[in-house]
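1. Pasting the sequence and the predicted model now:
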Amino acid sequence: MKKLLLILFLPFLLASCADNSNVSSRDILSNVEGGIVLSEKFGLMWQQDRSRLFSTAPAAKEYVNDLDLGGYTDWRMPTKAESHNLFFSLDFGKSDAKKLGMKMGGPIWVQLENEEIIAGEWDAGEACSIVRTFKKTRDGRVRAVRP
């Protein structure tokens, strides 16, 4: 009986996981020359490749300050919200990280509203949930953004 119920309800469960058409943070990302990915919805340019792992905020900040990519030198640390939008767009949006040449996941450095820089990673939550939480870590990689 349990197997029969699972078979009957499985298509409805899968459909609810796949249909996130009401997600407001959907974004279309596209490759730009020089190792840059463009966020069309938010008008941001993202560093395509993540940096190496940094264990301190000053080292991560120095990396961003020294970054010269695609002819641009005004790269900065993303905010937590910007990082979430990128993660969310690749997780539930219309863009594919592999096609864009972007490795996602793992801890990253972000700048908070109070200018503090912290490392953390987006926890995928349960099953199909679109809710993500940022869990603080000790180290992380940088994925710089501009403007």
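-> Good, I have the coordinates.
2. Start from the N-terminal end of this protein and give the helices.
-> Using DSSP state H, the helices of the chain run over 2-18, 57-66, 80-92, 97-100.
3. Quick check: the closest residue to residue 44 other than its chain neighbours vs residue 47, distance?
-> The spatial neighbour of residue 44 that comes closest, neighbours along the chain excluded (CB to CB, 6 or more residues apart in numbering), is residue 145 at 5.3 Å. Placement of C-beta: from N, CA and C, glycine included. From residue 145 across to residue 47, the span is 7 Å (CB to CB, to the nearest Å).
4. any shared contact partners between those two?
-> Here residue 145 and residue 47 share the contacting residues residue 75, scored by CB atoms under 8 Å, 6 or more residues apart in numbering.
5. And the strands in this protein, which stretches?
-> Taking DSSP state E as the criterion, the chain contains strands spanning 29-32, 36-39, 44-47, 108-111, 117-123, 133-137, 145-146.
6. Ranking these by mean neighbour count, which comes first?
-> Using mean count of other CB atoms under 10 Å, the stretch among the strands of the chain with the largest mean neighbour count is strand 108-111, at a mean of 24.
7. hmm, who's touching that strand?
-> Counting contacts by CB under 8 Å, 6+ apart, the residues outside strand 108-111 that touch it are 50, 54, 57, 60, 76-80, 82-83, 117-121, 134, 140-143.
8. Apply 6 Å and report the result again.
-> 60, 77, 78, 79, 80, 83, 117, 119, 140, 141, 142, 143 (CB atoms under 6 Å, 6 or more residues apart in numbering).
9. Counting neighbours, which of those residues end up buried?
-> With neighbours counted by 16 or more other CB atoms under 10 Å, the contacts of strand 108-111 contain buried members at 60, 77, 78, 80, 83, 117, 119, 140, 141, 142, 143.
10. ok, back up a step: ranking the helices of the chain by mean pLDDT, which is last?
-> Out of the helices of the chain, the stretch the model trusts least by mean pLDDT is helix 2-18, with a mean of 42.
11. Report the contact partners of the residue lying closest to residue 35 once chain neighbours are set aside.
-> Closest residue in space to residue 35, ignoring its immediate chain neighbours: residue 48 at 4.5 Å, by CB to CB, 6+ apart. Residue 48 is in contact with 35, 37, 101, 102, counting by CB under 6 Å, 6+ apart.
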